[in-house]
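Trainee: All I have is the shape, not the residue letters:
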Ligand SMILES: Cc1cc2nc3c(=O)[nH]c(=O)nc-3n(C[C@H](O)[C@H](O)[C@H](O)COP(=O)(O)OP(=O)(O)OC[C@H]3O[C@@H](n4cnc5c(N)ncnc54)[C@H](O)[C@@H]3O)c2cc1C
Ligand SMILES: Cc1ncc(C[n+]2csc(CCOP(=O)(O)OP(=O)(O)O)c2C)c(N)n1
């Protein structure tokens, strides 16, 4: 089907044809023709954010929680530059989003026109791909290609820069033809490599699954297949921050998160395993620690859809390029056809060893009756909300790590956090995006007060669209994660890591027309959390917590897995040097 229409109308039509129901955006001169078209239709909801960074993070939250691509629309110049942090965030975390930017008219490009910025130049390194469209006839096909690129293979952010004259001009609308794209990533893994991996699993005595965000990217069917394979083999499984929920936290083979602030048992299993099966993770430095000491005696397999991810950081013995879902399906078929063999005796011994590491109870902390410990706040939040239709976003810092440690995720797409870029200010707008995608769900942003203030303007968005997002702020009046590093690694010189002028969060909530709750006494915490959950509207919960609590376990940068600091467990003297357990 081809039809004549203006470029602006084409954009809106192409979004509809892509099944888009929500766009997060902020208008300006260079996108007014598109806003005019949005005004004249009812199929796509436009959410007016308060800052373009918020639009992109909201699109990320929407995308991660729904499995559909997120869409943001911003103007030229400052609109586009404000979107850069969100684009980079989505690139590092492999989140599929399509960002549309207005541009000055084609005949003015390069003339230092009002609100002109070289958007494709600026965003080239922080997008998976970007386009400047100079012909209205190319517009619809470019939008369709953009959705294909954003969502295929390793997902990521794409950007289309659209000059204003291209929006006004008339051209021919082209419908989507996905098969026409040159970009067709490999989905099926090499069956010989997969067979080699299955054979290695049969022989392994201390195997471990190391899973990551790629399982979530692949879709819910992949998480289901992963569960089947783990149950069928009985192999213990850990996950990165980005993969939480792929395997249920209540599952019997679950080791908890690994890495810098991961659980002792997960990191020790990675260190001591003889077969590491990486499914959709990228050997990030928060995981590997010191590279020459990383899991020294294991055979390593790596399943990843992005060939450039393989052997980038760690050389592997069994590389498999393909989509997690497809590869797991082939693994399961082979596993069943070969008679489902594992070395049961060795694996039982391996589990016994892991149980010893687990007995260290690395998440223990000193409780308090007078002050709310952040860990306690999250334990109570978990207890009072688990089983609910719950989605959690976070900001960045200690609270983020405690949330990963103390909240349990049973399903994929329920946990949205900024892992790769570590963007303070991500969580609140992301929660707005999640709530737009799941209007009836309980959406909680676990925040630190410093991160939260970075995009607090989105309170206006939450109130305007009646989004009942809960902002659960663990307020330590410190840049907690920075303060912790200064305490442990910089001789307790607390250089600029606290704020002397925090707002009254209850009054702030009220100023926006939302509800504010403050809690400082552990005895009041349950009631206050219940009040937050039950309130039908946006809430800022100011949870005043212990100011100098440290987040453990912790592998200091550049150290090996078996050199982790355990905090409480260590001071109780249960760990020997080298990681052996004394209990
Ligand atoms: C303060 C702070 C502390 C942190 N501490 C930790 C920590 O202790 N532990 C931790 O785990 N992380 C931690 N992180 C996060 C860390 O920085 C990385 O973001 C994270 O470890 C990367 O996760 P991942 O390996 O799963 O990769 P992702 O970034 O999720 O990448 C996914 C990988 O899967 C591949 N992939 C994508 N789609 C598919 C598909 N369909 N099929 C196959 N492959 C696919 C991609 O190519 C990529 O290689 C921390 C972050 C912050 C901000
Ligand atoms: C945009 C941005 N600036 C700076 C940092 C560095 N940084 C990481 S954690 C952190 C402190 C976060 O403080 P807060 O949000 O209060 O959380 P807490 O660690 O206290 O839980 C800082 C400054 C960052 N990650 N992102």
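Mentor: Arrived safely. Because the structure is a prediction, the values reported are computed rather than measured. Ligands and ions are numbered 1, 2, ... in the order given.
Trainee: okay, now the closest residue to ligand 2 within the stretch 101-250 of the chain: neighbour count?
Mentor: Using Cβ to the nearest ligand atom, the single residue of the stretch 101-250 of the chain nearest to ligand 2 is residue 241, 13.6 Å away. Where you see a C-beta, it was placed from the backbone N, CA and C, and this is true even at glycine. By other Cβ atoms under 10 Å, the residues close to residue 241 number 27.
Trainee: now do residue 557
Mentor: 12.
Trainee: pLDDT at it, what is it?
Mentor: Per-residue pLDDT puts residue 557 at 79.
Trainee: how near is it to residue 493?
Mentor: Using Cβ to Cβ, to the nearest Å, residue 557 is found at 18 Å from residue 493.
Trainee: do the same with residue 215
Mentor: 41 Å.
Trainee: Between these two, tell me which one has more neighbours.
Mentor: Taking neighbours as other Cβ under 10 Å, residue 215 and residue 493 compare with residue 215 leading, 29 against 8.
Trainee: For the nearest residue to that one once chain neighbours are set aside, which three-state class applies?
Mentor: Nearest non-adjacent residue to residue 215, counting by Cβ to Cβ, 6 or more residues apart in numbering: residue 246, 3.9 Å away. With DSSP: H, G, I helix; E, B strand; the rest coil as the basis, residue 246 sits in coil.
Trainee: check contacts around the residue nearest the centre of the chain.
Mentor: Nearest to the mean C-alpha position of the chain, by Cα atoms, centre = their mean, lies residue 417 at 3.9 Å. By Cβ atoms under 8 Å, 6 or more residues apart in numbering, residue 417 lies in contact with 241, 242, 393, 394, 396, 400, 403, 404, 426, 427.
Trainee: Recalculate using a threshold of 10 Å.
Mentor: 64, 93, 241-242, 244, 392-396, 400-401, 403-404, 423, 426-427, 430, 446 (Cβ atoms under 10 Å, 6 or more residues apart in numbering).
Trainee: One more: residue 297?
Mentor: So residue 297 contacts 206, 271, 272, 273, 274 (Cβ under 10 Å, 6+ apart).
Trainee: Same question for residue 256.
Mentor: 237-239, 244, 249, 262-267, 358, 362-363, 404-405, 408.
Trainee: Check which residues of stretch 525-533 are buried.
Mentor: For stretch 525-533, the neighbour count (16 or more other Cβ atoms under 10 Å) marks 525, 528, 529, 532, 533 as buried.
Trainee: Helix or strand for the residue in the stretch 301-450 of the chain that ligand 1 sits nearest to, just tell me which one.
Mentor: Nearest residue of the stretch 301-450 of the chain to ligand 1, counting by Cβ to the nearest ligand atom: residue 419, 2.6 Å away. For residue 419, there is no helix or strand it lies in under DSSP states H and E.
Trainee: Give me every residue in this structure lying close to ligand 2.
Mentor: By Cβ under 6 Å from any ligand atom, the residues of the chain that approach ligand 2 are 395-399, 422-425, 448-451, 474, 476, 478-482.
Trainee: Restricted to strands, list those.
Mentor: 448, 474 (DSSP state E).
Trainee: buried subset of the residues of the chain next to ligand 2?
Mentor: Counted by 16+ other Cβ under 10 Å, those give 395-399, 422-425, 448-451, 474, 476, 478-482 as buried.
Trainee: what about the strands in the stretch 51-200 of the chain?
Mentor: Ranges of strands within the stretch 51-200 of the chain are 70-74, 97-103, 129-132, 157-163, 170-174, based on DSSP state E, counting those that start in this stretch.
Trainee: Deepest-packed of those, please.
Mentor: Neighbour counts (mean count of other Cβ atoms under 10 Å) averaged over each of the strands of the stretch 51-200 of the chain peak at strand 70-74, with a mean of 30.
Trainee: now that strand, how far from the centre of its chain.
Mentor: 18 Å (Cα atoms, centre = their mean, to the nearest Å).
Trainee: Direction included, what does it pair against?
Mentor: strand 22-25 (parallel), strand 97-103 (parallel) (DSSP bridges).
Trainee: export those to JSON lines and tack on distance to ligand 1?
Mentor: Converted to JSON lines, the strands paired with strand 70-74 look like this (distance: least, Cβ to the nearest ligand atom, whole Å):
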{"stretch": "strand 22-25", "distance to ligand 1": "22"}
{"stretch": "strand 97-103", "distance to ligand 1": "15"}
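Trainee: Domain map for the protein?
Mentor: For the chain, the structural domains run 2-174, 191-358, 374-544, going by automatic domain parsing.
Trainee: Dump the ones you listed to TSV, plus mean pLDDT.
Mentor: Converted to TSV, the domains of the chain look like this (pLDDT from 0 to 100):
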stretch	mean pLDDT
domain 2-174	98
domain 191-358	97
domain 374-544	98
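Trainee: right, and these - which one's nearest residue 564?
Mentor: Across these, residue 564 has its closest neighbour in domain 191-358 (6.0 Å, Cβ to Cβ).
Trainee: ok now the closest one, how far from the chain's centre?
Mentor: Relative to its chain's centre, domain 191-358 lies at 20 Å (Cα atoms, centre = their mean).
Trainee: Next: stretch 409-420.
Mentor: 6 Å.
Trainee: Endpoints of it, how far apart?
Mentor: 20 Å (Cα to Cα, to the nearest Å).
Trainee: coming back round to it: type out the PyMOL command that picks the buried ones from the contacts of residue 297.
Mentor: The PyMOL command for the buried members of the contacts of residue 297 (criterion: 16+ other Cβ under 10 Å) is given here:
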select buried, resi 206+271+272+273+274
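Trainee: biggest separation within the contacts of residue 297, which pair?
Mentor: So for the contacts of residue 297, where distance means Cβ to Cβ, the most widely separated pair is 271 and 274, at 11.3 Å.
Trainee: shared neighbours of these two, anything?
Mentor: Common neighbours of residue 271 and residue 274 (Cβ under 10 Å, 6+ apart) are 208, 295, 297, 298.
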